[in-house]
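Participant: Here is a sequence together with a model predicted from it:
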Amino acid sequence: MEFNGRSSRVYILPVRSLTESKINFKPLGIILIILILLFLSPSFGLRAEEGNKIDWNAAGDEGVQYLSQYLRIDTTNPPGNEMKTALFLEHLFKKEGIECKIIPLENGRANFYARLRGKQNTEGKKREDLPRFKALILTNHMDVVYADKDSWQIPPFGGEIKDGYVWGRGALDMKDVAIVQMMAMFVIKRSGVLPERDIIFVALADEEEGSIGAKRFITDSKDLISDAGYLLNEGECIHVEDGKILNYGVAVTEKAPLWIRISATGESGHASEPDDNSAMHRLTRAGERLLEWNSPYRIIPVVRESLKRQALMEEEPYRSLMADIDNTVKDPDKLKLLLSRSGILPLLKNTLALTVFQGGEKVNVIPEKGFLEIDCRLLPDEDPDSILEELKRQMNDPTLEITVMEKFKSASSTVDSVLFHAIEKTAQVHHPGVPVIPEVLVSSTDSHYFRRLGIVSYGFEPFCLTEQDQDGCHGINERISTENVRLGIHIIVDIIREMDKLEKENP
Ligand SMILES: [Zn+2]
């Protein structure tokens, strides 16, 4: 969508001619009438609001250049070194005249915050006291996962722009999102037409490891976002398959990780004389019993709604299997057929994966100690404490020591929000007829920290991506097309504009 961008000069011209023609009263009267009519016309306000013309191509080029520079900053986590990216962002926001600050953390790490004040300027207010125009947070993380440069075709921290793509670690996860969020704020400010609500930009440290950035932000810096009602973060995207746009995926909740380390100690000795009570043998038996743990299939409301909407785009038999999921899970044959599709099973139950098993150093020595680690992913409404107790019963060995590495209850965001409806409106402008699907993210992001504060938070990246495109995420040769950078800026700007429009239309 191109903004019409008629400048207010159009309306100044008649005023000038009015002062120049002092003696000629007849045209003066006509001009006055035209001016009054223009003022009364409902479109007058809208036209005057359009501000400066947005050059989407130039904004896209600028975004591509910034992304290339941003990807050259190595924020491999650990150690992260996010202070370097925070300084980069601070420089750009300051240049643009948008207030911002670096929030330093220990060991060269940092969070970064910026605020574009809207017409309402709600800073410092409480979201509960704002009936409309609660601030929108655009959030992202600055750290990236390790890249093994020998397996890449191009240097992972070179920021190369080649063959229509920007290449580098973080190009999909998620320095790309940060740059389009930032550019959307710049574009809006330059347009001269501020949104009603404040737009807040939050770049966090350490999402890929322990989420120190998010944890510290929602405690130490909570006051900075007291007026925020909505948030956009990483998660789902605009899904593409065989050249066809399937849907806009919007993650409204996430499965909750429950990570546990199970340790055992026993007598060490020579392996020629096996001990059935050794640490390793007890751990192995516990592991086996855990693999037999079978969490039941259970359909939560958001999964039911998501599958119902997805079904509309499916061929039979999947169309019926998804649309009638409650009956599908009761019929073993139907369930088996549906589960042949990747990505379905984790939506329907709690899962458990055995990931780490460590013990001795030498093949002929019985080690004194060992441990194994498991990664459970729980449905968003699950109580993690009761699952933990269930797992202990399942292992049935009180001599084992259980350490919880990660455990929290997930939170969900409503689908009926102005932000969700603004995404739906924007989708219809860019890709008419394509549905917007609420989804459960099976992995986890920093969004749940903000959901806990009562902020409606969605995982939506405004990029058209195939499954193959997404392989680069945490993989090799990570890249994003320059077309997607352009599209992303446009979509974020449109979502912000649509939110205001919707709230003005429905006070
Ligand atoms: Zn990420």
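Facilitator: That came through, no problem.
Participant: Quick check: nearest residue in space to the residue of the chain found nearest the ion, chain neighbours excluded?
Facilitator: Scanning the chain for the residue nearest the ion gives D173, at 4.1 Å (criterion: CB to the ion). Placement of C-beta: from N, CA and C, glycine included. By the measure of CB to CB, 6 or more residues apart in numbering, the closest residue to D173 outside its immediate chain neighbours is C473, 4.6 Å from it.
Participant: And I218, by the same measure?
Facilitator: In space, not counting the residues next to it along the chain, I218 is nearest to Y449; the distance is 4.9 Å by CB to CB, 6+ apart.
Participant: picking up where we left off before, isn't the residue nearest to D173 right next to L172, touching?
Facilitator: Yes. Counting by CB atoms under 8 Å, C473 touches L172, with 4.5 Å between them.
Participant: Pick out whichever of these two has more residues nearby.
Facilitator: L172 (26 against 15; other CB atoms under 10 Å).
Participant: confidence score at the more buried one?
Facilitator: According to the per-residue confidence, L172 scores 98 in pLDDT.
Participant: same thing with L312?
Facilitator: At L312, the predicted lDDT confidence score is 87.
Participant: same thing with V145?
Facilitator: The confidence metric pLDDT takes the value 97 at V145.
Participant: since we're on it, how many residues are nearby?
Facilitator: Burial measure for V145: 16 neighbouring residues, criterion other CB under 10 Å.
Participant: Y318 now?
Facilitator: By other CB under 10 Å, the residues close to Y318 number 19.
Participant: And K119, by the same measure?
Facilitator: The number of residues packed around K119, counting by other CB under 10 Å, is 13.
Participant: which ones are touching I491?
Facilitator: By CB atoms under 8 Å, 6 or more residues apart in numbering, the residues touching I491 are T426, H430, P462.
Participant: 6 Å instead, please
Facilitator: If a contact means CB atoms under 6 Å, 6 or more residues apart in numbering, then I491 has T426, P462 as its contacts.
Participant: Please identify the helix or strand for it.
Facilitator: Taking DSSP states H and E as the criterion, I491 maps to helix 482-505.
Participant: And R261, which helix or strand is it part of?
Facilitator: Secondary-structure assignment from DSSP H and E places R261 in strand 256-265.
Participant: what does A286 give?
Facilitator: Using DSSP H and E, A286 maps to helix 279-292.
Participant: Which SSE is immediately downstream of that helix?
Facilitator: Scanning forward in sequence from helix 279-292, with DSSP H and E defining helices and strands, the next element found is helix 301-311.
Participant: Export only the CA atoms of that following helix, formatted as PDB.
Facilitator: What follows is the C-alpha trace of helix 301-311 in PDB, where atoms were taken according to Å, rounded to 0.1, in the frame of the first residue of the first chain:
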ATOM      1  CA  PRO A 301      -8.800 -24.300  22.900                       C
ATOM      2  CA  VAL A 302      -6.100 -22.400  20.900                       C
ATOM      3  CA  VAL A 303      -5.000 -25.600  19.200                       C
ATOM      4  CA  ARG A 304      -8.600 -26.500  18.300                       C
ATOM      5  CA  GLU A 305      -9.000 -23.000  16.800                       C
ATOM      6  CA  SER A 306      -5.700 -23.000  15.000                       C
ATOM      7  CA  LEU A 307      -6.300 -26.400  13.400                       C
ATOM      8  CA  LYS A 308      -9.800 -25.400  12.400                       C
ATOM      9  CA  ARG A 309      -8.500 -22.300  10.500                       C
ATOM     10  CA  GLN A 310      -5.600 -24.300   9.000                       C
ATOM     11  CA  ALA A 311      -8.100 -27.000   7.800                       C
END
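Participant: Just list the residues touching F157, thanks.
Facilitator: Contacts of F157 (CB under 6 Å, 6+ apart): R72, D74.
Participant: ok but it is inside a helix, no?
Facilitator: No. Judged by DSSP: H, G, I helix; E, B strand; the rest coil, F157 forms no part of a helix; its state is coil.
Participant: since we're on D324, how many residues are nearby?
Facilitator: Tallying neighbours of D324 according to other CB under 10 Å, which is how burial is gauged here, yields 16.
Participant: I'd like the distance between it and K189.
Facilitator: 49 Å (CB to CB, to the nearest Å).
Participant: Spell out which parts of the stretch 51-200 of the chain neighbour the ion.
Facilitator: Within the stretch 51-200 of the chain, the positions lying close to the ion (CB under 5 Å from the ion) are D173, M174.
Participant: At which residues are the helices of the stretch 51-200 of the chain located?
Facilitator: In the stretch 51-200 of the chain, the segments counted as helices under DSSP state H, counting those that start in this stretch are 56-71, 82-95, 175-191.
Participant: Dump those to a markdown table, plus mean pLDDT and mean neighbour count.
Facilitator: A markdown table is the format used below for these (pLDDT from 0 to 100; neighbours: other CB atoms under 10 Å):
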| stretch | mean pLDDT | mean neighbour count |
| --- | --- | --- |
| helix 56-71 | 97 | 19 |
| helix 82-95 | 98 | 19 |
| helix 175-191 | 98 | 24 |
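Participant: Could you dump the ones you listed into TSV and include distance to L388?
Facilitator: Conversion of the helices of the stretch 51-200 of the chain to TSV gives the following (distance: least, CB to CB, whole Å):
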stretch	distance to L388
helix 56-71	40
helix 82-95	32
helix 175-191	34
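Participant: Please list the residues of the stretch 301-450 of the chain that sit near the ion.
Facilitator: Proximity of the stretch 301-450 of the chain to the ion is assessed by CB under 5 Å from the ion, with no residue identified as in range.
Participant: run the last query once more with 8 Å
Facilitator: Taking CB under 8 Å from the ion as the measure of proximity, the stretch 301-450 of the chain contacts the ion at T445.
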